[in-house]
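Q: What follows is a predicted structure for the sequence shown.
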Amino acid sequence: MAVPVAFFAVFFAYPVAAIVARGLKDDSGWHLGRIAEVVTAADVRHVLWFTTWQALASTALTLLVALPGAYVFARLDFPGKQVLRAVVTVPFVLPTVVVGTAFLALVGRGGLLDELWGVRLDTTVWAILLAHVFFNYAVVVRTVGGLWSQLDPRQEEAARMLGASPAAAWRRVTLPALGPAVAAAALMVFLFTFTSFGVVQILGGPTFSTLEVEIYRQTSQVFDLATAAVLTLVQFAAVAVILAVHAWTVRRRETALKLVDAAATARRPRGAGQRALLAGVLATVAVLILLPLAVLVQRSLDGGLGYYRALTHEDGGAFLVPPVDAIGNSLRYALAATAIAVLIGSLAAAALARRDAGRLVRGFDALLMLPLGVSAVTVGFGFLIALDEPPLDLRSSWLLVPLAQALVGVPFVVRTMLPVLRAVDARLREAAAVLGASPWRVWREVDLPLVRRALAVAAGFAFAVSLGEFGATVFIARPDNPTLPVAVARLLGRPGELNYGQAMALSTILMIVCAVALLVLEKLRTDRTGEL
């Protein structure tokens, strides 16, 4: 635990504390009375209520839509499965401003629904909820489907032979085993929607505002750091309570599971029910995932290839380099962030998986998720304020961006690996130790064959979220080394059809780069490590 604790203390707790202190303290001392003033304000209470309500609704709707997809990807084998699995993950790595823009083109004024049926959903909560499902669909499919694919199907079949109906067998055998993975997926979806910024900002308009949107407004528009600091503390406290409850409930439900090779559990669809379910999932993916992505491609090609050619030229405005340079920057930063996240997350997951871990170690499980629930605006400003003096003067170092991206990637590594590590029967490790295996050999020959699939998925998730991280990176990425999301946001923030077209072109490139990377990962995992 020493390395993960030190990493989070230096690169998360310290920067966040620095920015909060800057807002609530001046030369005359602390101004804690400001906390009560902000919390009791009617508009702040309304923002907090809407933030919580839309996060709960988005989480429930995402689970409802995505759990059938998790089953299809885990248990059914069909042509194009690898490609489709990569495609459904692409939305998760797109910057939220791009997601909001894509849905605005679908449901806003002059969008596809408006042109075909005269229906507009922008500035309504339904547009926000649908965009959140689009964004988080892959979280449920991969987190739940990963563990589902390694559950021994013979256990459910045994229950069927003893007289249980299909629904009863699933409810009493499979669902309890999937409980920790479902809880982990629900937690990640809730945290992402609780801190939603780009989607609400674009689709909600002035009508709807989350805590994240309000923190950004107070920081960059009103310049009220005190109010922003208080809202950050409110968000921090709410997320901490949620994580504590989650850690307690999951700990009570965890059990050792019999895991099998995922390649042996997937079969061709059998019967009308499975075929209908597969068709329904494919239709959902086509409408919910592929249609918004197709809008991005179509908008980027409105001017032929002109928008793509313009990316190779310097404009002397928002960039010091051609926008196309952001592609290489993003890939380099994402690879470095993935290496950091996998190292830190694997160490933390291994420590948390021990059943004899103390209460302090188990409490750190919840703390690891805090970067997903704390304002990215706060983290970005905190990096600039806190990491500016020796020995932590990193403002001119290229590592600053990967470190910020790794903060978001570590929780995904932990949440992906932890259910599988905890499901490994401890008696297997004990038997290997009794036979003379060292702790390292026990890990290499017992744990690693079972968790390497989880490790591959964790690395894929870390790489994906690093590619699409925007909130903190926008404040620390240098003008001569922008990332793809930062470049897209800068182009969207500038008027003119050319800038908008270039933003759509860069978004399409980001989508394609991510899809190719995920497809390569799927191929490697199918050939060598299977599926988690």
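A: That came in fine, so what should we check first?
Q: Around Gly328, count how many other residues there are.
A: Residues near Gly328, counting by other Cβ atoms under 10 Å, number 11. For glycine as for every other residue, the C-beta is placed from the backbone atoms N, C-alpha and C.
Q: do the one 5 residues further on as well
A: Around Tyr333 sit 27 other residues, with neighbours defined as other Cβ under 10 Å.
Q: From Ala489, how far out is it?
A: For Tyr333, the distance to Ala489 (Cβ to Cβ, to the nearest Å) stands at 16 Å.
Q: How about Trp398?
A: According to Cβ to Cβ, Trp398 and Ala489 sit 20 Å apart.
Q: Repeat that for Ile327.
A: Taking Cβ to Cβ, one finds Ile327 at 15 Å from Ala489.
Q: more neighbours, those two?
A: Neighbour totals were compared for Ile327 and Ala489, and Ala489 leads with 22 against 17 (other Cβ under 10 Å).
Q: Show me what counts as buried in the helix or strand hosting Val457.
A: Using DSSP states H and E, Val457 falls within helix 448-468. Using 16 or more other Cβ atoms under 10 Å as the test for burial, helix 448-468 gives 450-468.
Q: any idea of the mean pLDDT in the helix or strand following it?
A: As assigned by DSSP H and E, the chain's next helix or strand after helix 448-468 is helix 473-476. Helix 473-476 shows a mean pLDDT of 78 in the predicted model.
Q: Please compute how far helix 473-476 lies from its chain's middle.
A: Centroid separation for helix 473-476 versus its chain: 18 Å, with Cα atoms, centre = their mean, to the nearest Å.
Q: who does that helix touch, helix- and strand-wise?
A: Helices and strands touching helix 473-476, by 3 or more Cβ pairs under 8 Å, 6 or more residues apart in numbering; DSSP states H and E, are helix 376-386, helix 400-423, helix 484-492.
Q: try 10 Å this time
A: Packing contacts for helix 473-476, counted by 3 or more Cβ pairs under 10 Å, 6 or more residues apart in numbering; DSSP states H and E, involve helix 325-352, helix 376-386, helix 400-423, helix 484-492.
Q: chain center to the third one: distance?
A: Helix 400-423 has its average C-alpha position 10 Å from the chain's average C-alpha position, going by Cα atoms, centre = their mean.
Q: what's the average pLDDT for that helix?
A: pLDDT averaged over helix 400-423 gives 84.
Q: got the angle between it and helix 376-386?
A: Counting by axes from the mean of the first three to the mean of the last three Cα atoms, to 10 degrees, helix 400-423 lies at 120 degrees to helix 376-386.
Q: Tell me, how many residues neighbour Val516?
A: Neighbour count for Val516, taken as other Cβ under 10 Å: 11.
Q: To which secondary structure element is it assigned?
A: Taking DSSP H and E as the criterion, Val516 maps to helix 497-524.
Q: all helices of the stretch 51-200 of the chain, in order?
A: In the stretch 51-200 of the chain, the helices defined using DSSP state H, counting those that start in this stretch lie at 81-93, 96-107, 112-117, 125-148, 153-161, 166-169, 175-194, 198-203.
Q: Asp447 is in contact with Ala353, isn't it?
A: Yes: using Cβ atoms under 10 Å, Asp447 is in contact with Ala353, at 8.8 Å.
Q: quick one: common contacting residues for the two?
A: Residues touching both Asp447 and Ala353 (Cβ atoms under 10 Å, 6 or more residues apart in numbering): 420-421, 424.
Q: Closest one of the residues you listed to Val434?
A: Using Cβ to Cβ, Val424 comes nearest to Val434 of these, at 16.5 Å.
Q: Check the spacing between the spatially closest residue to the closest one that is not a sequence neighbour and Arg444 real quick.
A: Closest residue to Val424 apart from its sequence neighbours, by Cβ to Cβ, 6 or more residues apart in numbering: Leu450 at 5.6 Å. To Arg444, Leu450 is 12 Å away according to Cβ to Cβ.
Q: so can I have JSON lines of the helices of the stretch 51-200 of the chain showing mean neighbour count and mean pLDDT?
A: Converted to JSON lines, those look like this (neighbours: other Cβ atoms under 10 Å; pLDDT from 0 to 100):
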{"stretch": "helix 81-93", "mean neighbour count": "21", "mean pLDDT": "80"}
{"stretch": "helix 96-107", "mean neighbour count": "24", "mean pLDDT": "78"}
{"stretch": "helix 112-117", "mean neighbour count": "12", "mean pLDDT": "77"}
{"stretch": "helix 125-148", "mean neighbour count": "25", "mean pLDDT": "87"}
{"stretch": "helix 153-161", "mean neighbour count": "14", "mean pLDDT": "79"}
{"stretch": "helix 166-169", "mean neighbour count": "13", "mean pLDDT": "79"}
{"stretch": "helix 175-194", "mean neighbour count": "22", "mean pLDDT": "83"}
{"stretch": "helix 198-203", "mean neighbour count": "26", "mean pLDDT": "81"}
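Q: Tabulate these (JSON lines), appending distance to Tyr14.
A: Formatted as JSON lines, the helices of the stretch 51-200 of the chain follow (distance: least, Cβ to Cβ, whole Å):
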{"stretch": "helix 81-93", "distance to Tyr14": "28"}
{"stretch": "helix 96-107", "distance to Tyr14": "26"}
{"stretch": "helix 112-117", "distance to Tyr14": "46"}
{"stretch": "helix 125-148", "distance to Tyr14": "29"}
{"stretch": "helix 153-161", "distance to Tyr14": "47"}
{"stretch": "helix 166-169", "distance to Tyr14": "50"}
{"stretch": "helix 175-194", "distance to Tyr14": "21"}
{"stretch": "helix 198-203", "distance to Tyr14": "27"}
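Q: Just tell me which of those helices ends up closest to Leu367.
A: Nearest to Leu367 among the helices of the stretch 51-200 of the chain is helix 175-194; the distance by Cβ to Cβ comes to 13.1 Å.
Q: Can you tell me which helices and strands the closest one packs against?
A: Contacts defined by 3+ Cβ pairs under 10 Å, 6+ apart place helix 175-194 against helix 42-75, helix 125-148, helix 198-203, helix 225-253, helix 370-373, helix 400-423.
Q: Just send those helices back as a markdown table, with distance to Ala431 too.
A: As requested, the helices and strands packed on helix 175-194 are exported to a markdown table (distance: least, Cβ to Cβ, whole Å):
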| stretch | distance to Ala431 |
| --- | --- |
| helix 42-75 | 29 |
| helix 125-148 | 23 |
| helix 198-203 | 50 |
| helix 225-253 | 25 |
| helix 370-373 | 37 |
| helix 400-423 | 17 |
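Q: what's the closest of the ones you listed to His31?
A: Among the helices and strands packed on helix 175-194, helix 225-253 comes nearest to His31, with 6.7 Å by Cβ to Cβ.
Q: Could you pull up the contacting residues of Arg309?
A: 303, 324, 502, 505.
Q: what's the spacing between it and Pro322?
A: Distance of Arg309 to Pro322, given as Cβ to Cβ: 11 Å.
Q: how much space between Ala462 and Val413?
A: Distance, Ala462 to Val413, by Cβ to Cβ: 6 Å.
Q: What pLDDT does the model give Thr265?
A: Looking at Thr265, the pLDDT reads 69.
Q: Ser209 now?
A: The model reports Ser209 with a pLDDT of 84.
Q: For it, which three-state class applies?
A: What DSSP: H, G, I helix; E, B strand; the rest coil gives for Ser209 is coil.
Q: That one and Gln201, how far apart?
A: In this view, Ser209 and Gln201 are 9 Å apart by Cβ to Cβ.
Q: who touches both of these two?
A: Taking Cβ under 10 Å, 6+ apart as the contact rule, the neighbours common to Ser209 and Gln201 are 216-217.
Q: Spit out the residues that contact Ala462 and Val413 alike.
A: Listed as contacting both Ala462 and Val413 by Cβ under 10 Å, 6+ apart are 338, 340-342, 344-345, 406.
Q: Just the closest of those to Gln218, please.
A: Distances from Gln218 to those, taken by Cβ to Cβ, are shortest for Ala406, at 27.2 Å.
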